[in-house]
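Enquirer: Build me a model:
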Amino acid sequence: MTSISIIGIGNMGGAITGIAARSGAQVQVIARDLEKATALAGDTGATAAELGAALTGDIVVLALPFDAIAGVLDIYREQLDGKVVVDITNPVDFATFDGLVVPADGSAASVIAEQVPGAHVVKAFNTNFASTLATGVVGGKATTVLVAGDEQAAKDAVIDFVRAGGLNAEDAGSLKRARELEGLGFLQITLAAGEKIGWTGGFAVAK
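Expert: Reported below is the predicted structural model:
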(Lines give C-alpha, C1' and ligand atoms only; values in the text may rest on other atoms or scores of the structure.)
Protein backbone atom coordinates (compact mmCIF):
# COMPACT_ATOMS: atom_id res chain seq x y z
CA MET A 1 0.00 0.00 0.00
CA THR A 2 1.19 3.50 -0.83
CA SER A 3 2.13 5.63 2.18
CA ILE A 4 2.13 9.42 2.00
CA SER A 5 3.27 12.06 4.49
CA ILE A 6 1.96 15.57 3.87
CA ILE A 7 3.77 18.40 5.65
CA GLY A 8 1.50 21.43 5.84
CA ILE A 9 -2.23 21.71 6.39
CA GLY A 10 -3.19 24.90 4.61
CA ASN A 11 -5.65 24.92 1.72
CA MET A 12 -3.29 23.04 -0.57
CA GLY A 13 -2.22 20.56 2.10
CA GLY A 14 -5.84 19.88 3.00
CA ALA A 15 -6.85 19.33 -0.63
CA ILE A 16 -3.91 17.02 -1.31
CA THR A 17 -4.66 15.11 1.88
CA GLY A 18 -8.16 14.50 0.55
CA ILE A 19 -6.80 13.17 -2.74
CA ALA A 20 -4.31 10.93 -0.97
CA ALA A 21 -6.99 9.58 1.37
CA ARG A 22 -9.37 8.81 -1.52
CA SER A 23 -6.56 6.96 -3.27
CA GLY A 24 -6.53 4.39 -0.49
CA ALA A 25 -3.04 5.32 0.70
CA GLN A 26 -1.93 5.38 4.31
CA VAL A 27 -1.76 9.12 4.97
CA GLN A 28 0.09 11.09 7.64
CA VAL A 29 -0.45 14.84 8.05
CA ILE A 30 2.21 16.90 9.82
CA ALA A 31 1.95 20.47 11.08
CA ARG A 32 3.29 22.78 13.76
CA ASP A 33 -0.24 22.93 15.16
CA LEU A 34 -1.07 19.39 16.26
CA GLU A 35 -4.66 20.29 17.09
CA LYS A 36 -5.33 21.46 13.54
CA ALA A 37 -3.53 18.45 12.10
CA THR A 38 -5.68 16.18 14.24
CA ALA A 39 -8.84 17.89 13.00
CA LEU A 40 -7.81 17.36 9.36
CA ALA A 41 -6.86 13.77 10.10
CA GLY A 42 -10.25 13.15 11.66
CA ASP A 43 -11.98 14.40 8.52
CA THR A 44 -9.93 12.27 6.12
CA GLY A 45 -8.91 9.14 8.00
CA ALA A 46 -5.26 10.19 8.09
CA THR A 47 -3.01 10.12 11.12
CA ALA A 48 -1.74 13.37 12.64
CA ALA A 49 1.71 14.33 13.89
CA GLU A 50 3.52 17.45 15.04
CA LEU A 51 6.38 18.87 12.97
CA GLY A 52 9.53 16.94 13.87
CA ALA A 53 7.80 13.59 14.24
CA ALA A 54 9.12 10.67 12.21
CA LEU A 55 7.92 10.45 8.63
CA THR A 56 5.84 7.36 7.83
CA GLY A 57 5.33 7.97 4.11
CA ASP A 58 7.41 6.77 1.19
CA ILE A 59 6.05 9.83 -0.61
CA VAL A 60 6.51 13.16 1.20
CA VAL A 61 4.54 16.18 0.00
CA LEU A 62 5.95 19.57 0.99
CA ALA A 63 2.66 21.51 1.09
CA LEU A 64 4.34 24.70 2.24
CA PRO A 65 5.31 28.14 0.95
CA PHE A 66 8.73 28.19 -0.69
CA ASP A 67 10.26 30.33 2.06
CA ALA A 68 9.30 27.70 4.66
CA ILE A 69 10.91 24.79 2.83
CA ALA A 70 14.52 25.25 3.99
CA GLY A 71 13.62 25.05 7.67
CA VAL A 72 11.61 21.88 7.17
CA LEU A 73 14.40 20.28 5.16
CA ASP A 74 16.78 21.03 8.02
CA ILE A 75 14.51 18.95 10.26
CA TYR A 76 13.94 16.04 7.88
CA ARG A 77 16.94 15.95 5.54
CA GLU A 78 18.29 12.57 6.66
CA GLN A 79 14.82 10.98 6.73
CA LEU A 80 14.20 12.05 3.12
CA ASP A 81 16.94 9.84 1.68
CA GLY A 82 15.35 7.39 -0.76
CA LYS A 83 11.89 8.97 -0.53
CA VAL A 84 9.84 10.65 -3.23
CA VAL A 85 9.68 14.34 -2.27
CA VAL A 86 6.93 16.37 -3.92
CA ASP A 87 7.49 20.12 -4.30
CA ILE A 88 4.24 22.06 -4.85
CA THR A 89 5.67 25.57 -4.50
CA ASN A 90 5.52 28.62 -6.72
CA PRO A 91 8.50 30.75 -5.60
CA VAL A 92 6.81 34.10 -6.21
CA ASP A 93 8.63 37.30 -5.28
CA PHE A 94 5.89 38.74 -3.10
CA ALA A 95 7.84 41.98 -2.61
CA THR A 96 7.32 42.91 -6.25
CA PHE A 97 4.76 40.34 -7.41
CA ASP A 98 6.58 40.59 -10.72
CA GLY A 99 8.75 37.50 -10.88
CA LEU A 100 10.19 34.48 -9.13
CA VAL A 101 12.89 34.39 -6.46
CA VAL A 102 14.88 31.58 -8.08
CA PRO A 103 17.39 31.99 -10.94
CA ALA A 104 15.98 32.33 -14.44
CA ASP A 105 17.56 29.04 -15.47
CA GLY A 106 16.47 27.21 -12.30
CA SER A 107 13.42 26.40 -10.23
CA ALA A 108 12.29 25.87 -6.68
CA ALA A 109 12.31 22.14 -7.38
CA SER A 110 15.96 22.22 -8.45
CA VAL A 111 16.88 24.17 -5.31
CA ILE A 112 15.17 21.51 -3.19
CA ALA A 113 16.83 18.70 -5.15
CA GLU A 114 20.25 20.20 -4.39
CA GLN A 115 19.41 20.33 -0.69
CA VAL A 116 18.21 16.71 -0.48
CA PRO A 117 20.41 14.85 -2.99
CA GLY A 118 19.38 11.48 -1.59
CA ALA A 119 15.69 12.07 -2.36
CA HIS A 120 13.76 11.72 -5.61
CA VAL A 121 12.30 15.19 -6.12
CA VAL A 122 9.11 15.59 -8.14
CA LYS A 123 7.30 18.80 -9.09
CA ALA A 124 3.50 18.58 -8.91
CA PHE A 125 0.33 20.45 -7.90
CA ASN A 126 1.81 23.93 -8.40
CA THR A 127 -0.34 24.67 -11.48
CA ASN A 128 -3.54 23.89 -9.55
CA PHE A 129 -5.48 25.99 -7.08
CA ALA A 130 -6.62 24.22 -3.92
CA SER A 131 -10.29 24.55 -4.86
CA THR A 132 -9.80 22.71 -8.16
CA LEU A 133 -7.93 19.94 -6.38
CA ALA A 134 -10.74 19.63 -3.85
CA THR A 135 -13.55 19.57 -6.43
CA GLY A 136 -11.65 17.71 -9.15
CA VAL A 137 -12.96 20.13 -11.77
CA VAL A 138 -11.62 23.28 -13.46
CA GLY A 139 -13.61 25.06 -16.16
CA GLY A 140 -15.88 22.07 -16.61
CA LYS A 141 -12.96 19.72 -17.20
CA ALA A 142 -11.31 17.22 -14.90
CA THR A 143 -8.48 18.77 -12.88
CA THR A 144 -5.11 17.68 -14.26
CA VAL A 145 -2.00 17.58 -12.09
CA LEU A 146 1.19 18.04 -14.13
CA VAL A 147 4.13 16.03 -12.78
CA ALA A 148 7.82 16.54 -13.58
CA GLY A 149 10.88 14.68 -12.33
CA ASP A 150 14.02 12.83 -13.34
CA GLU A 151 13.10 9.40 -11.95
CA GLN A 152 10.24 7.71 -13.79
CA ALA A 153 9.30 5.50 -10.85
CA ALA A 154 8.99 8.56 -8.60
CA LYS A 155 6.78 10.36 -11.11
CA ASP A 156 4.67 7.25 -11.61
CA ALA A 157 4.11 6.93 -7.85
CA VAL A 158 2.70 10.47 -7.73
CA ILE A 159 0.66 10.07 -10.91
CA ASP A 160 -0.79 6.82 -9.62
CA PHE A 161 -2.02 8.21 -6.32
CA VAL A 162 -3.48 11.31 -7.95
CA ARG A 163 -5.40 9.21 -10.47
CA ALA A 164 -6.50 6.79 -7.77
CA GLY A 165 -7.74 9.83 -5.84
CA GLY A 166 -10.08 10.77 -8.67
CA LEU A 167 -8.11 13.39 -10.62
CA ASN A 168 -6.18 13.28 -13.86
CA ALA A 169 -2.38 13.44 -13.86
CA GLU A 170 0.09 13.69 -16.71
CA ASP A 171 3.86 13.31 -17.03
CA ALA A 172 5.31 16.74 -17.91
CA GLY A 173 8.87 15.54 -18.43
CA SER A 174 12.13 15.89 -16.54
CA LEU A 175 12.72 18.06 -13.49
CA LYS A 176 13.99 20.77 -15.87
CA ARG A 177 10.35 21.33 -16.81
CA ALA A 178 9.71 22.56 -13.26
CA ARG A 179 10.86 25.99 -14.44
CA GLU A 180 8.06 26.14 -17.02
CA LEU A 181 5.54 24.72 -14.55
CA GLU A 182 6.49 27.41 -12.03
CA GLY A 183 6.12 30.08 -14.71
CA LEU A 184 2.67 28.73 -15.49
CA GLY A 185 1.78 28.65 -11.82
CA PHE A 186 3.00 32.22 -11.38
CA LEU A 187 0.94 33.43 -14.34
CA GLN A 188 -2.15 31.72 -12.96
CA ILE A 189 -1.65 33.34 -9.55
CA THR A 190 -1.20 36.83 -11.04
CA LEU A 191 -4.33 36.41 -13.17
CA ALA A 192 -6.34 35.41 -10.12
CA ALA A 193 -4.87 38.19 -7.98
CA GLY A 194 -5.80 40.64 -10.73
CA GLU A 195 -9.34 39.22 -10.80
CA LYS A 196 -8.97 38.09 -14.40
CA ILE A 197 -9.88 34.56 -13.33
CA GLY A 198 -11.30 33.17 -10.11
CA TRP A 199 -9.45 31.21 -7.45
CA THR A 200 -11.86 28.40 -8.30
CA GLY A 201 -10.64 28.42 -11.92
CA GLY A 202 -7.27 28.21 -13.58
CA PHE A 203 -5.68 26.37 -16.47
CA ALA A 204 -7.17 23.12 -17.72
CA VAL A 205 -5.62 20.42 -19.91
CA ALA A 206 -7.80 19.19 -22.79
CA LYS A 207 -7.13 16.07 -24.82
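
Enquirer: all contacts plus neighbour counts: C-alpha atoms, from now on.
Expert: Will do.

Enquirer: and S5, what helix or strand is that in?
Expert: In the assignment (DSSP states H and E), S5 maps to strand 3-7.

Enquirer: quick one: contacts of that strand?
Expert: By Cα atoms under 8 Å, 6 or more residues apart in numbering, the surrounding residues in contact with strand 3-7 are 13, 16-17, 20, 25-31, 51, 55-64.

Enquirer: So which of these are in strands?
Expert: Among the contacts of strand 3-7, the members falling in strands (DSSP state E) are Q26, V27, Q28, V29, I30, A31, I59, V60, V61, L62.

Enquirer: correct me, but the fifth one touches A46?
Expert: It refers to I30. No - with contact defined as Cα atoms under 8 Å, I30 does not count as touching A46 (10.2 Å).

Enquirer: Which one's more surrounded, those two?
Expert: Remark: of I30 and A46, I30 carries more neighbours, 28 against 24, as counted by other Cα atoms under 10 Å.

Enquirer: And the strands in the protein, which stretches?
Expert: Under DSSP E, the chain gives strands at 3-7, 26-31, 47-50, 59-62, 84-87, 120-123, 137-138, 141-142, 144-149, 168-173.

Enquirer: Buried deepest among these, which one?
Expert: strand 120-123 (a mean of 28; mean count of other Cα atoms under 10 Å).

Enquirer: Next, the residues that contact that strand from outside, please.
Expert: With contact meaning Cα under 8 Å, 6+ apart, strand 120-123 is reached by 82-88, 109, 112-113, 146-151, 154-155, 175, 178.

Enquirer: residue contacts, the closest residue to D105 other than its chain neighbours?
Expert: Among residues not flanking D105 along the chain, R179 sits closest, at 7.4 Å (Cα to Cα, 6 or more residues apart in numbering). The contact partners of R179, by Cα under 8 Å, 6+ apart, come to D105, G106, S107, A108.

Enquirer: show me the contacts for the residue nearest the centre of the chain.
Expert: Nearest to the geometric centre of the chain sits I88, at 3.1 Å (Cα atoms, centre = their mean). For I88, the contact set (Cα under 8 Å, 6+ apart) comprises V61, L62, A63, L64, K123, A124, F125, N126.

Enquirer: Which of the residues you listed sits closest to G99?
Expert: For those, the closest approach to G99 (Cα to Cα) belongs to N126, at 15.4 Å.

Enquirer: Would you mind stating the distance between that closest one and K83?
Expert: 20 Å (Cα to Cα, to the nearest Å).

Enquirer: any idea which helix is longest in the protein?
Expert: Assignment by DSSP state H gives helix 178-193 as the longest helix of the chain.

Enquirer: Pull out the buried positions in that helix.
Expert: Neighbour counts over helix 178-193 (16 or more other Cα atoms under 10 Å) mark 178-179, 181-190, 192 as buried.

Enquirer: Please apply the same query to stretch 101-115.
Expert: V101, V102, G106, S107, A108, A109, S110, I112, A113.

Enquirer: Stretch 39-58 now?
Expert: 40-41, 44-51, 55-58.

Enquirer: what are the phi and psi values for the residue nearest to I88 when sequence neighbours are not counted?
Expert: Nearest non-adjacent residue to I88, counting by Cα to Cα, 6+ apart: N126, 4.7 Å away. Main-chain dihedrals, N126, degrees, to the nearest 10: phi -70, psi -20.
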